[in-house]
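Fold the following, please.
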Amino acid sequence: MRTRLLTVLLIAGTVSTFAQKKELRAIGKALKGNNFTEAKNLINGMSGLLEAASDEQKATYYLYKAKALSMNGETTNSADMLEAAKAIKMAKEIDGENPDVINLGNTLRTAVVNSAVADQNAKNYEAAASKLEAMYRVNPQDTSFLYFAASNLVTAKAYDKAIEHYKELQSVGYTGIVEKYVATDKETGEVKEFPSTTERELYIKSGDFIKPETVKTESKATEITKNIALIYVSLGRNEEAIAAMKEARALAPDDMGLLMTEADVQYKMGNLDRFKELMNEAAKKEPNNPQTQFNLGVVAAKAGDTESAKAYYMKALEIDPDFADANLNMASLIIAQEGAIVEEMNNLGTSSADNRRYDELKAQRENVYREAAPYFEKANEARENVEIVRTLMNIYSILGDTEKFKAKKARLEELGG
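Numbers count the residues shown, from 1 in each chain. Take a look at the predicted model:
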């Protein structure tokens, strides 16, 4: 009885092996004729036989699957590229030395990169990201593909997926540091990069180049951590943003943009003491940088701290009197005082007391305009535009300065406003 059972099992195994070989031959024939649709159908039909297949048959199956899905590297369908990439990975795990597997992997790599670049140029950033991720899955040692996939997702505002990629990059210890082989052109002094030390050595020996060096690019680890923090900010996930920013700032303690972003988040979360600490830290780090002082003014203004904002803008203008944005923001803060004055004027009655108060408020409003006008003028000198000229025209009209009003009106007409 046992002998009969063994015989039945052997026959079943032989039939299964025969069926697998037959299916693989049929798929191979379809691929040779570039009949990719038929090959895909045959591959789907064979999936149920794969479990009992030999390693050689499995490797061939996955190779054929990659060929069919990728159309031998000619497809532009991102979903098919991803599946083809997975199939190549499976084939490599079984038979990584197979030249057909290696060659198709390289062909697919080139096709994916070219297609992703085309997608980026067409602003199809998510499609580019999908293809670059597929290439990373084929070549997990080349983590730069996942990095560029994440960058495309950020541009596409697909933040959740971008965070996944960035965290995966962190988990594998990606830094993005690469070595570059450079030398200096003896005649021009220009530093040129060479693809290899061998090629560089030829130019050095020719006497045209000197100072051969191997330089390393900056690590992208800090940028990745920073991007994660900024994405959390964009998503409104403030607690996670703060935690990520703490990590990012440990890597880049002098990154002013990150410091200012944290200050903004801390304010939104109501952590005013921490907000003030960060603002003071920023002011101490770069006390003579007008851009830093301006940024501090912007953050303070957003936080509703008008007096601090004015102080920061004034500091920026002390360092650079022609700083257009600082002049414009300073003018805007001053003009903002007009709102409360006008509201009170509109609510007054017609009594003698109300009329006296109206005159007082009118004088206050004019003083606001007089205070703001020089800042608008300075901003306009540095960066003239229709809106600033129109604002100045209206200010001089209210102040009764006919000469300046006419000058600004004429200029506005010249600008097409």
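
just the helices in the stretch 301-417 of the chain please.
306-319, 324-335, 338-346, 352-382, 386-399, 402-414 (DSSP state H, counting those that start in this stretch).

Comparing these, which comes out most buried?
With neighbours defined as mean count of other C-beta atoms under 10 Å, these peak in mean count at helix 324-335, which reaches a mean of 22. C-betas here are computed from N, CA, C, even on glycine.

which element is residue 215 on?
Per DSSP states H and E, residue 215 falls inside strand 209-216.

what do you get for residue 74?
Applying DSSP H and E, one finds residue 74 in no helix or strand.

Can you classify the nearest residue to it once chain neighbours are set aside as helix, strand or coil?
Excluding the flanking residues, the one nearest residue 74 by C-beta to C-beta, 6 or more residues apart in numbering is residue 111, at 7.0 Å. Following DSSP: H, G, I helix; E, B strand; the rest coil, the label given to residue 111 is helix.

Quick check: which ranges of the chain have low pLDDT?
1-20, 48-52 (pLDDT under 70).

Give me the domain ranges for it.
Domains of the chain are assigned by automatic domain parsing as 14-139, 179-216, 321-417.

ok, now which ones touch residue 119?
125, 127-128, 131 (C-beta atoms under 8 Å, 6 or more residues apart in numbering).

closest to residue 89 among these?
residue 131 (15.1 Å; C-beta to C-beta).

chain center to the host helix or strand of that closest one: distance?
Assessed by DSSP H and E, residue 131 sits inside helix 125-138. Put simply, helix 125-138 sits 16 Å off its chain's centre (C-alpha atoms, centre = their mean, to the nearest Å).

got a list of contacts for that helix?
78-79, 81-82, 84-86, 88-89, 92, 105, 108-109, 112-113, 115-117, 119-120, 142-143, 145-146, 148-150, 152-153, 155-156, 158, 161, 165.

and if you look at stretch 184-199?
In contact with stretch 184-199 (C-beta under 8 Å, 6+ apart) are residues 180-183, 200, 203, 207-212, 214.

Show the buried residues in the residues you listed.
Neighbour counting by 16 or more other C-beta atoms under 10 Å classes 181-183, 200, 203, 209 among these as buried.

Make JSON lines out of the residues you listed and add distance to residue 371.
Formatted as JSON lines, the buried ones among the contacts of stretch 184-199 follow (distance: C-beta to C-beta, whole Å):
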{"residue": "181", "distance to residue 371": "60"}
{"residue": "182", "distance to residue 371": "55"}
{"residue": "183", "distance to residue 371": "59"}
{"residue": "200", "distance to residue 371": "63"}
{"residue": "203", "distance to residue 371": "64"}
{"residue": "209", "distance to residue 371": "61"}
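
Could you export those as a markdown table, including secondary structure and distance to residue 401?
Below are the buried ones among the contacts of stretch 184-199 laid out as a markdown table (DSSP: H, G, I helix; E, B strand; the rest coil; distance: C-beta to C-beta, whole Å):
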| residue | secondary structure | distance to residue 401 |
| --- | --- | --- |
| 181 | strand | 66 |
| 182 | strand | 61 |
| 183 | strand | 65 |
| 200 | helix | 68 |
| 203 | helix | 68 |
| 209 | strand | 66 |
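
nearest to residue 310, of those?
Closest to residue 310, out of all of the buried ones among the contacts of stretch 184-199 and judged by C-beta to C-beta, is residue 182, at 48.6 Å.
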